[in-house]
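Visitor: Got a predicted structure plus its sequence, pasted below:
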Number of protein chains: 2
Amino acid sequence: MYPILIAAICGVLGLVVAAFMAVYVLRQDQGSARIREISEAIKEGAVAFLGREYRILAAFVVVVAVILGVVPNLGWLVSTAFVFGAVCSGLAGYIGMHIAVRANCRTAAAVQQSLNHGLRVSFRGGAVMGMCVVGIGILGLSILYVAFHSDPNFLFIIPGYGFGASSVAIFARVGGGIFTKAADTGADIVGKIEQGIPEDDPRNAAVIADFVGDNVGDVAGMGADLFESYVDSIIATMTLGAIAVFSGVLGKELVPDEATAWFLPMLVAAGGIIASIIGIFLVRVGVKAEMGALLNALRRGTFSAAILTAIFSFLAVYFLCGREGYGINIFWAILVGLVAGVLIGESTNFFTSYAYKPTLNIAESSQTGGATLITTGFANGLMSTIPPVILVVVAIVVAHHFADIYGIAIAGIGMLSTLGIQDATDAYGPVADNAGGIVEMSDLPPEVRERTDALDSLGNTTAATGKGFAIGAAGLTALALLLSYTQAAGITLADISLLDPLVIAGILLGVMLPAVFCAMTLNAVGKTSFSIINEVRRQFREIKGLIEGEEGVKPDYSKSVAICTTAAIKQMIAPGLITIISPVIVGVVLGPLALAGFLVGAIACGFILAVTFANAGGSWDNAKKWIETGAFGGKGSDAHKAAVIGDTVGDPMKDTSGPSLNIMIKLMSIIALVIAPVLVDFSGLL
Amino acid sequence: MYPILIAAICGVLGLVVAAFMAVYVLRQDQGSARIREISEAIKEGAVAFLGREYRILAAFVVVVAVILGVVPNLGWLVSTAFVFGAVCSGLAGYIGMHIAVRANCRTAAAVQQSLNHGLRVSFRGGAVMGMCVVGIGILGLSILYVAFHSDPNFLFIIPGYGFGASSVAIFARVGGGIFTKAADTGADIVGKIEQGIPEDDPRNAAVIADFVGDNVGDVAGMGADLFESYVDSIIATMTLGAIAVFSGVLGKELVPDEATAWFLPMLVAAGGIIASIIGIFLVRVGVKAEMGALLNALRRGTFSAAILTAIFSFLAVYFLCGREGYGINIFWAILVGLVAGVLIGESTNFFTSYAYKPTLNIAESSQTGGATLITTGFANGLMSTIPPVILVVVAIVVAHHFADIYGIAIAGIGMLSTLGIQDATDAYGPVADNAGGIVEMSDLPPEVRERTDALDSLGNTTAATGKGFAIGAAGLTALALLLSYTQAAGITLADISLLDPLVIAGILLGVMLPAVFCAMTLNAVGKTSFSIINEVRRQFREIKGLIEGEEGVKPDYSKSVAICTTAAIKQMIAPGLITIISPVIVGVVLGPLALAGFLVGAIACGFILAVTFANAGGSWDNAKKWIETGAFGGKGSDAHKAAVIGDTVGDPMKDTSGPSLNIMIKLMSIIALVIAPVLVDFSGLL
């Protein structure tokens, strides 16, 4: 029992650090009246959105909880775990976003003192989210263990927790993603393209909605995504370990006893929390910070955390499994996951940063217009799938070599163990972005805006790395869940032939679903942004003196936010439901073997599309930024106009559809795991 | 033996019809001196391109033939079959394209008499390609059977024929596709976007290259694609049938004897040839033809051919296998393939024609600019994967229900049996397109151009249906080849678990490859069109009086054609080689099980991407055409400019990358089948 105590203590420690960071942020100066006014508007919008989203989610959770409760072979304990997972995920998102919307004005104020101070405030604002995710995640699992582990069906109860977290995640990610990109493209199309006014111009009615979107999409949505990956990877490994011990199908030598099955994943994750905390405190720069120094500071944090995690994992394995034989084998599996995660993140950076050739080529292709720029960027996204796929394949093969399919699962934990600091660097980005916008709207001196631009630009780099990391983690986690599902459903390796036509049918349907999901989310952004565009146009048309910038004339920001909220909430439902219902239908109609094929197809295609969308979008964004530095005619040139088209096409791809795919593949896999007890000895209606 | 005689006679009959059509076309009036001059330039360019392409291909074929000859377990008979297949495919493309480039001026002349006469000349010009493909295809297989069927290894020799055909196809499709779209986008970008001159304007130096491209890409390339599908599906079914008889692993009750194994696929295909010939002769309209009547005429031809094929297939099955038990079962499998093929074609029409909502929505989204139009069209392409995937899944499940995996293979033949007329309606399109261009360049009265526009527009509809058909056929054929491969490599259903990490690794790599292939081909078009754009710009800059349209001043068309040829030939090599080498590497390094996973992944993802690319591209094209009819401001409006961007993005997707994927998945699968004897009892270097 005492390893669970260690894990719980580490979780509490994570929350203590989160509280420390939150208090630090809240104590900072909130800036001028103008800054506070803008920040207040953002806060209001974000809180209103989250409130409405959570109300819809609450209804959904109640319905699913009742269904889980009454279905034979599942029952009320699974249902309870599901509700608990949903609440934990919602809580992490709620706290993280509430601090983020308070950190933006404080960053805007801090950056007036120095770049270094601005970095500290914004990074600590983001770190609250990172620490909440890991702290609440592991604490929730510990509570679940203590409460239910004596139940004979604990193995089938614990996936309910992941299902709850995943359900919140899909709606938070899709809803937040639709909101943020609809507001962003709406603001850009009317503002930059039609009216020719700069980004973040206060005359644009959608500008506050755009800032709100950064928080609800990139902070709350990303947090829910990573929370889900984190707990799901632990659950998948626990389940596989427990099955190995109980049923013996995996070979008992793999996981020696029940305690190891439950505790090892928790301890490795707990070690990652401590490593992340240390890493977070290592992020600091001298007073005269330059861009390079900032990036180095963040890198020092993440790399140190990765190395420390490796050490802590070794210790965990050593104490629980010994140093010989499978002990060290399991460590190698963890290590390969950890290294693959870091490298996938770096490869994303190569394909999306304008420091490298791919993005420079895209910028160059803007000279022959928007069409060639789109094609070059899309091709770059497709090409960028090579390193992540090869790295995941290597991780799978190596981890399996050392510790069979259990190795694949625990490699996922290895990859995700540094999540505390990864999410901190991710959530820092939108805080800095918001601060930049607030500075722009507050008529502060240009050198202040230059500083926030530096912070923002750094945020884009870390966001690219973070996105790659999130996708890699999602792929490995979903695979681990798939393996757990097959074991839980009693499908042995010999049962499920690749050549079974039902399996092939499942794979084809599985490969199709991410494509359809992307189509739905892209259309959702299109429809939502269409309503914003009409609203912003209406305000420019009807509010006298607005476009001329007359003193005292302001657009109605809250109207745009309200329209965006209503549309985004409405549009998130269909993609969310199709994700939840599809695996159930495939499992029931075509049977559990076809469902396994379906998951493999969906994971593989979802992974490829997620990488393509994220990197195509990222490289268009940065190609535009490169042109804005003066290349190919700079701002206002034809090349820049072409680049704006690319950026606008990429926005929903990289911030709505792409990241939502991560959740989609995990959610479908964990649903399969949850319904596995129902599918045992069932061969489908067909 | 006599069924082979029947098949051979049907093949000869196909060639006789081709000759009849060719003579008919060649006897027509060639039109005015101006028309002949333009047509001559197109012919020269197309012949020069094909000549250079075939020289490269010849070198490639020799190298591969030597390798096949010396590899143990393969040998010189496989090598001979390979060379023979390559020559047959090349010959079909050569003859078909030579007639197509002679039919364009004759269509331009004929259309001056009447629309009906224009349709007849252009359709018969295209029918030469269709009949050559099926005639040469089945005759080649018959010759191969007569020459080698007594060899004990005939089972392993015959896939060599398909490999040869597929190798020619990949280079013809990729090279032709790069040429046609580079010329097209190059001409559009400088002509329409930069200089604001109309399409097919004689001042544009790339305009002849554009016409040449239609022939080398859409006639020769498409022909090679369908030739490959046709022979590959027959070979896959033959191999599976023979394995069922010889090794008994499939259950001897499926295919009763060796004769049935070899003859049934040939006879079903032969019945399709007769059905196609009858269908082709049914394509005729009255003298006063309207657009609707034209479409009905083509539809009457294809639907009649489909119904006749069903009847002939039933007869073939009845005579070879009897009416009871497996006989009628095999017929049902054929029928489900045939019906699925027709429906997939129709669904493509729904997603790409401006008669339906999806394309109208895309046109509407042009009002908010190029970016939203791109997103809406791309989402439409992704969404359009639903009907083809579901239809293929239903075909697989139903065909398997009736006749096990043999049913899946023969369903592929069912789908492809009407290929003669399908390819005729496909090849008709570029002939009509060329004729329209020639009319535009020849200062003929506007009503003549209106008639060629009607023919062209009809060609676009049939091209969309034909593309859907080609993709569906490719998917089913590749699956059949995959099944044959596993049987030939001695992999039983129980051997290959979906959960084997090497299989999962194979699937991931397989899903990645089509994405990378698309990236390479998109980039290839980009690079090639970049050189065209520079050349056209140079000519406008350096040739005095060109842009002003001064009497007697003409651009140097042949220079553009030469540049395009050199660049396209150079760019086709890398995507072609990666397709050929990848399955060999996966098979050797990761082993035959991983190779099977690799193929499943590649087929599934290639299928989805092919549909997405074809339909996104088709719908952008038609959204532009819809705006050109006057919607949303018509030609020259901002909406039209946005639609031109969409069309330009879609061009390489729908005419280069998308269709090449069809060949890619079949080629990789047949390579696996060819090297299967080498991989037996081998478990990979890893």
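Guide: Everything's here; your move. Computed from a predicted structure; not experimentally measured.
Visitor: give me the low-pLDDT residue ranges for chain A?
Guide: For chain A, the stretches flagged by pLDDT under 70 are A:1, A:247-254, A:256, A:286-291, A:322-326.
Visitor: Next, count neighbours for residue A:398.
Guide: Residue crowding around residue A:398 was assessed by other C-beta atoms under 10 Å in any protein chain shown; the count is 21. (C-beta placed from N, C-alpha, C; glycine too.)
Visitor: Name the residues of stretch A:144-161 that come out as buried.
Guide: Residues of stretch A:144-161 classed as buried: A:144, A:145, A:148, A:154, A:155, A:156, A:157, A:158, A:159, A:160, A:161 (neighbour count, 16 or more other C-beta atoms under 10 Å in any protein chain shown).
Visitor: near chain B, which residues of the stretch 501-650 of chain A show up?
Guide: A:501-505, A:507-512, A:515-516, A:518-520, A:522-523, A:525-526, A:529-530, A:533, A:596-597, A:600-601, A:604-605, A:607-608, A:612, A:644-646, A:648-649 (C-beta under 8 Å from any C-beta of the partner chain).
Visitor: how about 7 Å then?
Guide: The stretch 501-650 of chain A comes close to chain B at residues A:501, A:503-505, A:507-509, A:511-512, A:515-516, A:518-519, A:522-523, A:526, A:530, A:533, A:596-597, A:600-601, A:604-605, A:608, A:612, A:645, A:648-649, as judged by C-beta under 7 Å from any C-beta of the partner chain.
Visitor: Just the buried subset of the residues you listed, please.
Guide: Buried among those (16+ other C-beta under 10 Å): A:501, A:503-505, A:507-509, A:511-512, A:515-516, A:518-519, A:522-523, A:526, A:530, A:533, A:596-597, A:600-601, A:604-605, A:608, A:612, A:645, A:648-649.
Visitor: Return the backbone torsion pair for residue A:591.
Guide: Note on residue A:591: its backbone torsions stand at phi 100, psi 170 [degrees, to the nearest 10].
Visitor: Skipping adjacent residues, who's closest to it in space?
Guide: residue A:684 (2.6 Å; C-beta to C-beta, 6 or more residues apart in numbering or on different chains).
Visitor: quick one: the helices in the stretch 401-550 of chain A?
Guide: Shown for the stretch 401-550 of chain A, the helices assigned by DSSP state H, counting those that start in this stretch span residues A:419-441, A:446-488, A:501-542.
Visitor: Could you pull out the helices in the stretch 251-400 of chain A for me?
Guide: Under DSSP H, counting those that start in this stretch, the stretch 251-400 of chain A gives helices at A:258-282, A:291-321, A:326-352, A:357-365, A:370-383, A:386-416.
Visitor: Please tabulate these in a markdown table, including the columns distance to chain B.
Guide: Shown next, in a markdown table, are these (distance: least, C-beta to the nearest C-beta, whole Å):
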| stretch | distance to chain B |
| --- | --- |
| helix A:258-282 | 19 |
| helix A:291-321 | 21 |
| helix A:326-352 | 11 |
| helix A:357-365 | 7 |
| helix A:370-383 | 4 |
| helix A:386-416 | 4 |
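Visitor: Of these, which is nearest residue B:197?
Guide: helix A:370-383 (17.6 Å; C-beta to C-beta).
Visitor: helix, strand or coil for the residue nearest to residue A:591?
Guide: Following DSSP: H, G, I helix; E, B strand; the rest coil, we place residue A:684 in the coil state.
Visitor: gap between it and chain B?
Guide: Residue A:684 sits 11 Å away from chain B, going by C-beta to the nearest C-beta, to the nearest Å.
Visitor: I figured that residue hits residue A:585, correct?
Guide: No: judged on C-beta atoms under 7 Å, residue A:684 makes no contact with residue A:585 at a distance of 10.6 Å.
Visitor: quick one on the thing from earlier: which one of the helices of the stretch 401-550 of chain A is the most hemmed in?
Guide: Among the helices of the stretch 401-550 of chain A, ranked by average contacts under mean count of other C-beta atoms under 10 Å in any protein chain shown, first place goes to helix A:419-441 (a mean of 30).
Visitor: how far off helix A:326-352 does that helix point, in degrees?
Guide: Counting by axes from the mean of the first three to the mean of the last three C-alpha atoms, to 10 degrees, helix A:419-441 lies at 20 degrees to helix A:326-352.
Visitor: Helix A:419-441 packs against which elements?
Guide: For helix A:419-441, the packing partners by 3 or more C-beta pairs under 7 Å, 6 or more residues apart in numbering or on different chains; DSSP states H and E come out as helix A:33-70, helix A:76-113, helix A:115-148, helix A:222-246, helix A:258-282, helix A:291-321, helix A:446-488.
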